[in-house]
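Student: When you get a sec, could you give me coordinates for this:
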Amino acid sequence: MKKFMIILVLVFSSLIADTNNTQKIDKQIVKADMIKTFEEMKDPDSNRSFDYNKSKTLDLMAKKIADSENNESNNSQDKLSLISVVSEIVKLNSKLIALQTQGDANQTAKEKDTITTNKQKLFDALPVAITKQSFSKEGMNKQLKERKELQNTIKIASPNSLRFAKASMGLETMKNRGIFYSSLLRIEDMFVQGTSSSELKTELEKSLKTLQDNDLSNITSLKEKLSPDDQKDFESIFVELLNEKNTYEEILEYLLENHDLLASDMLLTGLKLNLVIEAINENSPVKTEKINVGKAVVIIFIIMFFYSFKRLIAAILYYCLNFFNKNKKADNSKEARHHFIKAVQRSVGAILLVYAANICLNIASHPAPIPIKISSAFSVVYILLYAWLIVSILNGYGSVLFGSIARKSARKEIVNLIIKFLYIIIFIIALLLILKRLGFNISTLLASLGIGGIAIAFATKDIIANFFNSIMLLFDNSFSQGDRVCINGIEGDVVEIGLKNTMIRTVDNVLVFVPNSTIAAQNIQNWSRRKIGRQIKFKIGVEYSSKSAQLKNAISQIKQMLIEHPGIAGKDDNAENLDDEKIKSKQHVVSIDNLAGYKNAVYVALDEFADSSINILVYCYTKSTIYGEFLEVKEDILFKIMEIIEQNGLNFAFPSQSLYVQDGKKLPFGEKI
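Tutor: As a prediction, this is how the structure comes out:
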């Protein structure tokens, strides 16, 4: 069994042979001939119970030989043929090995860069080259004959001779080629039939493991049995064998790393568009080799189909998201739906067009996959477009969903900051995915940030300080959006608390951006953090001619008027009536009136004997904290106080001086009055 499998995989190393045979060859006939040849060339002691009819690799091999023999235009010198591409990579790797022994480091580095660039071009051509594999019966028979000769050499040669070692290495080379090319033959069939990323990955991992398990330990042990001169010849041949094996592993690893880019498009394989293309070509009246009519028709249809459905998909997205919204009646308005669809349909349309272009390229290049660089570029574009879509959804539906949350929590700035955090997270994730797609090692990149983190921290210390201070301000709850505050001499209404600055609209309609780090270091006066109690404090000056009885009566009436006034806060206006369990739970720790912002003191008293008046102090608080209502209440009590003063026969005093002169007293200039 083992020897037979070696014979089977060796056929895939056969070189392409030109043929002018115009007679059609059937796959089953080729397969029967191959089985007959294998049976004749097998060792007598090998296992004959192998079921050839169940061998998929043998079936693919027979089909490939039949197609190659029937193709008159077959050209083994095609630059994109798989064998030529692989051979060139093997030669370039040999040059790299030779450069390692050179002394000129600068010249060696330049040559290595050139070789690496050429290798990358060949790697880029691999996916297309895989679909151009070609085999012939002549090439297969030649390889089988060569293998038989090597086996005979091993039987008759001495195990300690160089001839024996060369024959063993020749068989090992054939074995590696068989494993490698049989794997690529199965991969080609997967490209043609359509394959998923997981299936392609499984096939590549299996082939790579098979190749790696062949560690050549049986060959290296032969070196010790040779003479010193033969060992030098052995070493040169072994280097070629090892280089070829390592090249095969390198190619399989490259394909494995990019398996997701090489997999067929799910729409192409799922809808069997390849069968549709074949049907169109068979029934099309236009027969030309330059244009594939079936592919052209399918491509035009796909572009029109995807472009026409961008608004519909945007609407479907809206209804899907709205399904999870509990407050549907409040948010499911025509205006909200229109706003969402308008915000999302451009990004959806861009995704659909790019996806359509990707499918069209897959169709155009089928059965070969599109070049890996183009697939990688599409992956980067997809990441950017999906990030744009998520941001559009946040802008469209997020304003509706988070708006309802903001109405419940009364903390709009938290919702606003959450949205900004989401923007940053989306940006970071998109950036990391793009870097990963471009070949960067994300783990290494993140680890390197630890080394450069100190320099970055110093360079961005102000940004970091503002960022963390913005979080601290939100959790500290010093002010909210819309509050009237005074910070560092800047008084106005808070517009927005950003990640770096806080915007304040001043009373003279100027928009001021205050860094959050500055706010955190300053005293914050928040005029909006009061439920009841805007202070009224002034003095009433009456003339010195006023009687004490008049003053007592006026003071009593003013105080009573304030207590009974509906706009002035009284004893009943306190935090005990506040329906807030969070504040009430702190009543044994702090003054809940001061915590919640309740002031209800009323004071009216004779205050002082001033230079030109007897002053009565009036000290109270309005119920409303709104500035306009405060002014109305203050105006009303001032009029009422004027009435009380007049009713008690008192007069308002004003600044004045009295001059007293005695008769006969000389004035400073010696004159008399």
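
Student: Wait, residue 432 touches residue 442, no?
Tutor: Yes - contact criterion CB atoms under 8 Å: residue 432 and residue 442 qualify, at 5.7 Å. To be clear about C-beta, it is placed using only N, CA and C from the backbone, and glycine gets the same treatment.

Student: Comparing the two, which shows the higher neighbour count?
Tutor: Per other CB atoms under 10 Å, whichever of residue 432 and residue 442 has more neighbours is residue 432, with 15 against 11.

Student: The helix or strand where that one lies packs against which elements?
Tutor: Under the criterion of DSSP states H and E, residue 432 resides in helix 412-437. Helix 412-437 is packed against helix 372-393, helix 399-409, helix 442-459, helix 461-476, strand 490-497, with contacts defined by 3 or more CB pairs under 8 Å, 6 or more residues apart in numbering; DSSP states H and E.

Student: for the helix or strand just after the shortest one, packing partners?
Tutor: Same thing as strand 490-497. Moving toward the C-terminus from strand 490-497, the next helix or strand (DSSP H and E) is strand 501-506. Using 3+ CB pairs under 8 Å, 6+ apart as the contact criterion, the elements in contact with strand 501-506 are helix 461-476, strand 490-497, strand 511-515, helix 516-520.

Student: in strand 501-506, what counts as buried?
Tutor: Of all the residues in strand 501-506, those buried under the rule 16 or more other CB atoms under 10 Å are 501, 502, 503, 504.

Student: Just the terminal-to-terminal distance for stretch 99-111.
Tutor: End-to-end distance for stretch 99-111, by CA to CA, to the nearest Å: 8 Å.

Student: Give me the distance between the closest residue to residue 511 other than its chain neighbours and residue 492.
Tutor: Counting by CB to CB, 6 or more residues apart in numbering, residue 511 lies nearest to residue 505, which is 5.6 Å off, once chain neighbours are set aside. In this view, residue 505 and residue 492 are 5 Å apart by CB to CB, to the nearest Å.

Student: Between the two, which contacts overlap?
Tutor: Counting by CB atoms under 8 Å, 6 or more residues apart in numbering, the common neighbours of residue 505 and residue 492 are residue 512.

Student: Which of the helices and strands packed on helix 412-437 comes out lowest on mean pLDDT?
Tutor: Lowest mean pLDDT within the helices and strands packed on helix 412-437: helix 399-409, a mean of 55.

Student: hang on, residue 534 packs against residue 631?
Tutor: No - using CB under 8 Å, residue 534 is not in contact with residue 631, being 9.8 Å away.

Student: contacting residues for the residue nearest to residue 655 when sequence neighbours are not counted?
Tutor: Nearest non-adjacent residue to residue 655, counting by CB to CB, 6+ apart: residue 612, 5.0 Å away. By CB under 8 Å, 6+ apart, the contact set of residue 612 is 541, 544, 653, 654, 655, 656, 657.

Student: Tell me if residue 612 really is in a helix.
Tutor: No - counting by DSSP: H, G, I helix; E, B strand; the rest coil, residue 612 falls outside a helix, being coil.

Student: Model confidence for it, exactly?
Tutor: Note on residue 612: pLDDT of 87.

Student: roughly how far apart are it and residue 644?
Tutor: Taken as CB to CB, the span from residue 612 to residue 644 is 21 Å.

Student: Also residue 217?
Tutor: With the distance defined as CB to CB, residue 217 ends up 114 Å from residue 644.

Student: Just read off the phi/psi values of residue 568.
Tutor: Main-chain torsions, residue 568, degrees, to the nearest 10: phi -100, psi 130.

Student: so it bridges to which residues?
Tutor: Beta bridges link residue 568 to residue 622, judged by DSSP bridges.

Student: my read: it touches residue 633, true?
Tutor: Yes - between residue 568 and residue 633 there is a contact under CB under 8 Å: 7.0 Å.

Student: joint contacts of those two?
Tutor: In terms of CB under 8 Å, 6+ apart, residue 568 and residue 633 are both contacted by the residues 622, 623.

Student: and residue 206, what helix or strand is that in?
Tutor: In this structure, residue 206 sits in helix 197-213 according to DSSP H and E.

Student: Repeat that for residue 545.
Tutor: Residue 545 belongs to no helix or strand when assigned by DSSP H and E.

Student: Not counting residues beside it along the chain, what's closest to it?
Tutor: According to CB to CB, 6+ apart, the nearest residue to residue 545 is residue 651 (7.6 Å).

Student: how close does that neighbour get to residue 541?
Tutor: 10 Å.

Student: Out of those two, name the residue with the larger neighbour count.
Tutor: residue 541 (17 against 12).

Student: separation between the residue lying closest to the more buried one once chain neighbours are set aside and residue 604?
Tutor: The shortest distance from residue 541 to any non-neighbouring residue, by CB to CB, 6+ apart, is to residue 613 (3.2 Å). For residue 613, the distance to residue 604 (CB to CB) stands at 16 Å.
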